[in-house]
Every structure is written in C-alpha cells, then in structure tokens.
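[1] Provide a 3D model corresponding to the input given below.
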Amino acid sequence: MDYNIIIVSLSVCIVLSYFFSEIAKRTNIPSVLMLIVAGVGLGQFLNFYPEYNVNFFPYLKVLGTVGLIMIVLEGALDLELSKEKKPLIFKATLLGIFGIAGSILIIAPIFHFLLKMTVEASILYATPLAVISSAIVIPSVTTLLEYDKELLIYESCISDIIGIMVFNLIVSILQSNEVGSSLREFSVEVLLTVLVSLLLGVGLVLLFKFLNAKVKLFFFISILILIYALGKMIHLSPLVLILVFGLILKNHHLVFRGPLKNLMSRMEFIKMEKDFHIISRETAFVLRTFFFIVFGITIDLGSLVDVEVLIISLMAFIGILLGRILLLKWLAKEVTAVVEYVAPRGLITILLFYSIPAELTSDIFQPGIILWVVIITSIYMSYGLIKNGEGTSKTGDTDADLVDV
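    Residues are numbered from 1 along each chain as shown. Down below sits the predicted model:
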C-alpha cells in the first residue's frame with residue numbers, strides 16, 4: 001500500500017473526528033457513534049479494494065488499552081478531593097460496584113436461558129456488558145452540573161477498574177476451578193495494587209520534578225504505559241495507578257504535606273498539572289478516534305440483522321436500565337434526572353470481550369450483542385442529554401449549565 005494513502009487516511013480520520021466533536025456539541029449525539037458509523041462505512045469501502053484490506057484486530061486492543069490509560073488520566077485530573085466530597089466519592093464507589101454486580105446478575109440469566117450458554121460462560125460474557133465506559137462518559141459530561149459531572153466521572157472510572165478486576169477474577173476461577181485460592185489471590189492483588197499505586201504515584205510526581213530534559217512529557221507518558229503493561233503482566237490492576245497518579249497531581253496539597261511539603265512548589269504542581277491535562281486530552285482524543293473507527297471497520301454487519309441478537313440486546317439494555325434506576329433511587333436521590341441516562345457501554349466492554357481466553361470462548365454467543373448494547377446505550381444517553389439540554393434552555397439556565405457532549 002502506498003504510504004501516502006496511509007498518511008492521507010490517518011489525517012482524514014482526525015479531521016473527521018474533530019468535526020464529529022463539533023457536531024456532538026450542538027446535537028448531543030456522542031461522537032463515538034459517528035466514529036463507529038464512519039468505521040463501518042470505511043470497512044465497506046475497503047471490501048471493494050482487497051489490496052488495501054488488512055487485519056485490524058491486532059491494533060484494536062493496543063489502541064483501546066493506551067486510549068483507556070489517557071482517558072482515565074484525563075478524568076482524574078478533573079477531580080478535586082476534599083472532606084465535603086467524601087459522600088460523593090463513597091456513593092460513586094457503591095454505584096460502580098453494585099452497578100457491575102447487578103448488571104451481571106441480570107444479564108447472565110438472559111444469556112443462559114435464551115442462548116443456552118452454561119452458567120459459567122453466561123457470567124463471563126455478561127461481565128464486559130456490566131461495565132460503564134469512561135471513554136464515552138468523560139467527554140460527554142463536561143458541562144453538566146458539577147455534582148452530577150463528578151459523580152459520573154468517578155463512577156465510570158471506578159466501574160472500569162472494578163470491571164477489569166472482576167473480569168480477571170472470573171477468568172482465574174474458570175481456568176483454575178478453585179474459587180478459594182482465586183479469591184485469596186484477588187484480595188492480595190487488590191491490596192498490593194493500592195499500596196504500589198500510592199508509592200509510585202508520589203514517586204512519579206517527584207521524578208517529573210527532577211527530570212531536566214526539555215522533552216519529557218511523552219517520555220513520562222511512556223513510563224506510565226510501561227508501568228501499566230508490567231502491572232498487567234504481574235496480575236495487578238494498574239489502572240488504579242493511573243487514577244491515583246492523576247488524583248495526586250490534582251490534589252497535591254493533600255499528599256505533599258509535612259516532610260513532603262517543601263519538595264515541590266505550588267507553581268510547579270500547577271504547571272505540571274496543566275501540561276499533563278493538555279497532553280492527556282489531546283492524546284485521548286486521537287486514540288479514541290482510531291479505536292472506534294477501527295472497531296467500526298471490524299464489525300460484521302451480518303450479525304446486526306439477526307432478530308434474536310436484537311431481542312437479546314434489548315433485554316440486556318432494559319435490565320441495565322432498570323438496575324440503574326433502582327440504584328440511583330437508593331444511593332443518589334439528589335442527582336438530576338439526566339444521570340439515569342448516562343451509563344453507556346463502549347471501549348472497556350469491547351476490550352474485555354476480545355480479552356476472553358480462547359479456551360473459555362463460546363461459539364453460541366453472537367458478537368452482534370456487544371455492538372447492539374454499545375449502540376443502544378449510547379443512543380439512550382444521547383436522548384437523555386438532548387432532553388436535559390432542552391429542559392435547561394426552557395427554564396432559562398445559563399449556557400454553562402447546558403449539556404455538551
């Protein structure tokens with residue numbers, strides 16, 4: 001393939017993504033949906049030119065993993081910690097944990113009874129669909145009310161982290177057939193992850209201060225990605241590290257106190273935070289663009305026209321929605337109505353689905369279910385955001401309070 005065609009294609013994708021983002025701001029339709037549609041269109045176009053068609057699956061997981069790192073870092077840099085926000089963080093954590101558990105308990109029986117999958121396979125395949133996508137939530141809630149926005153960002157980041165942990169635990173149990181030992185290993189891994197994340201978070205902030213190189217942001221991002229990959233290899237949950245690092249950087253006054261207080265000045269923290277905010281936002285934008293376009297290219301349109309797949313997807317969506325409504329009524333009565341709509345499935349769902357080990361895969365499951373749930377939950381979120389935007393316009397709220405995707 002001519003390298004000029006590759007350069008032009010990559011550039012067009014970025015330009016299209018920018019215009020999709022601008023359209024999203026005015027219509028409240030998530031740019032993710034437009035990127036997937038663009039990818040589907042590109043995939044159909046490539047079918048007419050076999051010489052340009054390549055296997056995109058190997059790139060999908062790499063793009064998604066690095067994109068997830070940058071998205072979580074971007075979200076963490078927006079979160080301020082204080083005593084007043086302890087109830088909010090606690091509620092977001094409960095929403096993330098019970099949201100995953102409830103979704104698995106609702107979706108797994110659907111797969112078991114309708115698809116005739118085993119109980120174990122049903123639980124495994126239900127787990128990716130139980131996780132809220134921070135990749136879609138974070139760029140979609142930037143101008144919601146501050147409380148709603150922070151709750152959703154915390155919930156989606158926690159959902160990603162807990163979802164990965166639960167997925168790995170289920171895989172470990174199914175591979176070893178030993179529940180007790182798997183749970184013990186899981187508990188040790190969680191404890192080690194938290195301790196290592198706190199130590200590395202502080203250490204990385206100090207490392208950045210003492211780096212004298214003029215070009216160090218991408219060097220530092222590479223270190224974060226390296227630590228993430230190494231953490232995965234030793235069965236930790238390194239996404240916690242990314243979240244903790246961003247929180248430490250944003251809330252340095254809570255960590256760098258006492259003996260650590262004079263190690264860095266306030267201005268150094270502010271400059272460092274600003275630099276990381278810019279690079280994480282820009283990098284996340286690019287990676288999100290290519291991930292969802294490549295995902296669109298890999299979609300088998302034949303799986304979308306299966307009536308059974310659509311019915312099962314709708315049942316899974318209804319189960320997710322009912323579970324979320326009940327959780328919000330129980331744990332977060334004070335949030336506005338729009339929060340109910342914001343529980344999309346996306347990048348992490350796709351990543352976990354493609355991470356199912358070969359020996360645990362089921363030929364009965366239809367991949368179209370994953371795509372339909374991603375599309376339906378995103379459309380439902382769009383409807384809620386548009387409805388909320390119209391409501392605030394009618395009541396005369398300021399532009400800063402309008403919903404922006």
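[2] every contact and neighbour count from this point should use C-alpha atoms.
    OK.
[3] centre of the chain to stretch 95-111, how far?
    17 Å (CA atoms, centre = their mean, to the nearest Å).
[4] got the contact list for it?
    117, 119, 122-123, 125-127, 129-131, 155-156, 158-159, 162-163, 312, 315-316, 319-320, 323-324, 327-328, 331 (CA atoms under 8 Å, 6 or more residues apart in numbering).
[5] export it to PDB, keeping only CA atoms.
    What follows is stretch 95-111, C-alpha atoms only, in PDB (Å, rounded to 0.1, in the frame of the first residue of the first chain):
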ATOM      1  CA  LEU A  95     -22.700   2.800  42.300                       C
ATOM      2  CA  GLY A  96     -19.800   1.300  40.400                       C
ATOM      3  CA  ILE A  97     -19.600  -1.900  42.500                       C
ATOM      4  CA  PHE A  98     -23.300  -2.600  42.800                       C
ATOM      5  CA  GLY A  99     -23.800  -1.500  39.100                       C
ATOM      6  CA  ILE A 100     -21.500  -4.200  37.900                       C
ATOM      7  CA  ALA A 101     -22.800  -6.900  40.300                       C
ATOM      8  CA  GLY A 102     -26.400  -6.100  39.500                       C
ATOM      9  CA  SER A 103     -25.800  -6.000  35.700                       C
ATOM     10  CA  ILE A 104     -24.100  -9.400  35.800                       C
ATOM     11  CA  LEU A 105     -26.900 -10.900  37.800                       C
ATOM     12  CA  ILE A 106     -29.500  -9.500  35.300                       C
ATOM     13  CA  ILE A 107     -27.700 -10.200  32.000                       C
ATOM     14  CA  ALA A 108     -26.200 -13.600  32.800                       C
ATOM     15  CA  PRO A 109     -29.600 -15.400  33.100                       C
ATOM     16  CA  ILE A 110     -30.700 -13.900  29.700                       C
ATOM     17  CA  PHE A 111     -27.700 -15.500  28.100                       C
END
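[6] picking that back up, can I get the buried part of the contacts of stretch 95-111 as one PyMOL selection?
    Selecting only the buried entries of the contacts of stretch 95-111 in PyMOL, with 16 or more other CA atoms under 10 Å as the criterion:
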select buried, resi 117+122+123+125+126+127+129+130+131+155+156+158+159+162+163+312+315+316+319+320+323+324+327+328
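[7] from the contacts of stretch 95-111, which ones fall inside helices?
    By the criterion of DSSP state H, membership of the contacts of stretch 95-111 in helices covers 119, 122-123, 125-127, 129, 155-156, 158-159, 162-163, 312, 315-316, 319-320, 323-324, 327-328, 331.
[8] which ones are touching Y228?
    238-239, 241.
[9] quick one: end-to-end distance for stretch 331-346.
    24 Å (CA to CA, to the nearest Å).
[10] that stretch: how far from the chain's middle?
    16 Å.
[11] tell me the average confidence for it?
    When pLDDT is averaged over stretch 331-346, the result is 93.
[12] tell me which residues are up against that stretch.
    Contacts with stretch 331-346, where a contact means CA under 8 Å, 6+ apart, come from 91, 94-95, 129-133, 135-137, 147-148, 152, 321, 324-325, 328, 373-374, 377-378, 380-381, 383-385, 388.
[13] just the buried ones from the residues you listed?
    Among the contacts of stretch 331-346, those that count as buried by neighbour count (16+ other CA under 10 Å) are 91, 94-95, 129-133, 135-137, 148, 152, 321, 324, 328, 373-374, 377-378, 380-381, 383-385, 388.
[14] secondary structure element for E185?
    Assigned by DSSP states H and E, E185 falls within helix 179-210.
[15] no wait, T289
    helix 266-298.
[16] and that helix, what does it pack onto?
    In terms of contacts (3 or more CA pairs under 8 Å, 6 or more residues apart in numbering; DSSP states H and E), helix 266-298 is packed against helix 3-27, helix 31-46, helix 57-76, helix 217-233, helix 239-250.
[17] what residues sit buried inside the fourth one?
    Just to be clear, that refers to helix 217-233. 217, 220-221, 224-225, 227-229, 231.
[18] can I get that helix in PDB? Just the C-alpha atoms.
    What follows is helix 217-233, C-alpha atoms only, in PDB (Å, rounded to 0.1, in the frame of the first residue of the first chain):
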ATOM      1  CA  LEU A 217       6.000  14.700  28.700                       C
ATOM      2  CA  PHE A 218       5.900  11.900  26.200                       C
ATOM      3  CA  PHE A 219       8.800  10.300  28.000                       C
ATOM      4  CA  PHE A 220       6.700  10.300  31.100                       C
ATOM      5  CA  ILE A 221       3.600   9.100  29.400                       C
ATOM      6  CA  SER A 222       5.700   6.200  28.100                       C
ATOM      7  CA  ILE A 223       6.700   5.400  31.700                       C
ATOM      8  CA  LEU A 224       3.100   5.300  32.700                       C
ATOM      9  CA  ILE A 225       2.200   3.000  29.900                       C
ATOM     10  CA  LEU A 226       5.200   0.800  30.700                       C
ATOM     11  CA  ILE A 227       4.200   0.500  34.300                       C
ATOM     12  CA  TYR A 228       0.600  -0.300  33.200                       C
ATOM     13  CA  ALA A 229       1.800  -3.100  31.000                       C
ATOM     14  CA  LEU A 230       4.200  -4.500  33.600                       C
ATOM     15  CA  GLY A 231       1.400  -4.300  36.200                       C
ATOM     16  CA  LYS A 232      -0.900  -6.400  33.900                       C
ATOM     17  CA  MET A 233       1.900  -8.900  33.400                       C
END
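[19] how big is the angle separating that helix from helix 57-76?
    If you take axes from the mean of the first three to the mean of the last three CA atoms, to 10 degrees, helix 217-233 sits at 110 degrees to helix 57-76.
[20] would you mind measuring from E273 to K83?
    Distance from E273 to K83, counting by CA to CA: 22 Å.
[21] which one of those two has more residues nearby?
    Neighbours around E273 and K83, counted as other CA atoms under 10 Å, are more numerous at E273. The numbers are 18 against 7.
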